[in-house]
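Enquirer: next come a sequence and a model predicted from it.
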Amino acid sequence: LALAGLSSAHFTLKWPPTAGFIDENEPKSPCGGATVNVNSSSPRVGVDQFPISIQSSHPQGEWLIRGTTDTKEPYNFITLAPVISTKGIGQFCLPSGHAPKDWAGKSGIIQVITTGEDGRLYQCGPVNFVSGSSTDTGTAGCRNNSGFSASWTTHQTLTNSSSASSGTSSASSTTASASSTSTQKSDASLKNKAGFLTGLGFFFA
């Protein structure tokens, strides 16, 4: 019964907290059918580094992390990290999310897209971007279930199709590419020194 419940749940963005989880609408771009309300009480996330915590019911999948400072549709999302490929069910956390420095002081939205056995699914979280780094995850915590594995991937299908579905401009795609390259280079050096999962920036309980 527990597994059946997980299977129907798709995935939930735990941090930043989801704008709303509607199981049957999660395939709807850009935010799984949820209305995103950004205000002064939305979580503060540092542009240099902030955690992203997710609860997943899929045994494997690919994940795309995007962001925008648009608070009304149509959203102009840019990619904040390379696509992540995962294996395992339960909670996982990417503590090394980051955004352009000029977003500090602005409100915005973090979007998480995954593709797996249920097709493409969407979740969004309203945030307030601030300078520096942040480690807060509310009650979600930043941890990964044992047996969970993850790696960066160079697959382009998720990136290309998600950009088209949300109308991301070519200028944003260029910014996203530069951001992804920078992230990949910095995390590659960590990977060489400290091993696979540490290089990706994953913490395990």
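Expert: Received, thanks. Numbers count the residues shown, from 1 in each chain.

Enquirer: give me every residue that touches the spatially most central residue of the chain.
Expert: Nearest residue to the geometric centre of the chain (Cα atoms, centre = their mean): Ile65, 3.4 Å. Counting by Cβ atoms under 8 Å, 6 or more residues apart in numbering, Ile65 makes contact with Ile52, Thr79, Leu80, Ala81, Ile84, Leu94, Gly97, Ile110, Gln111, Val112. To be clear about C-beta, it is placed using only N, CA and C from the backbone, and glycine gets the same treatment.

Enquirer: partner residues bridging it?
Expert: Val112 (DSSP bridges).

Enquirer: confidence score at it?
Expert: pLDDT, Ile65: 95.

Enquirer: mind putting the contacts of Ile65 in a markdown table, neighbour count and pLDDT included?
Expert: What follows is the contacts of Ile65, written out as a markdown table (neighbours: other Cβ atoms under 10 Å; pLDDT from 0 to 100):
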| residue | neighbour count | pLDDT |
| --- | --- | --- |
| Ile52 | 27 | 95 |
| Thr79 | 25 | 94 |
| Leu80 | 23 | 94 |
| Ala81 | 25 | 88 |
| Ile84 | 23 | 91 |
| Leu94 | 23 | 89 |
| Gly97 | 24 | 91 |
| Ile110 | 28 | 98 |
| Gln111 | 28 | 98 |
| Val112 | 23 | 97 |
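
Enquirer: can you list the residue ranges for strands in this protein?
Expert: 11-15, 44-46, 50-56, 60-68, 78-79, 84-87, 90-97, 107-116, 119-130, 149-152 (DSSP state E).

Enquirer: ok, of those strands, where does mean pLDDT dip lowest?
Expert: strand 149-152 (a mean of 82).

Enquirer: may I have it as CSV, with CA atoms only?
Expert: What follows is strand 149-152, C-alpha atoms only, in CSV (Å, rounded to 0.1, in the frame of the first residue of the first chain):
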residue,chain,number,x,y,z
SER,A,149,22.5,7.6,-7.0
ALA,A,150,22.8,10.6,-9.3
SER,A,151,25.0,12.0,-12.0
TRP,A,152,25.1,14.9,-14.5
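
Enquirer: list the buried residues for it?
Expert: Ala150, Ser151, Trp152 (16 or more other Cβ atoms under 10 Å).

Enquirer: list the helices and strands it packs on?
Expert: strand 84-87, helix 196-200 (3 or more Cβ pairs under 8 Å, 6 or more residues apart in numbering; DSSP states H and E).

Enquirer: and Thr137, how many residues sit next to it?
Expert: 20 (other Cβ atoms under 10 Å).

Enquirer: that one contacts Val45, doesn't it?
Expert: No. Checked against Cβ atoms under 8 Å, the pair Thr137 and Val45 is beyond contact range at 10.2 Å.
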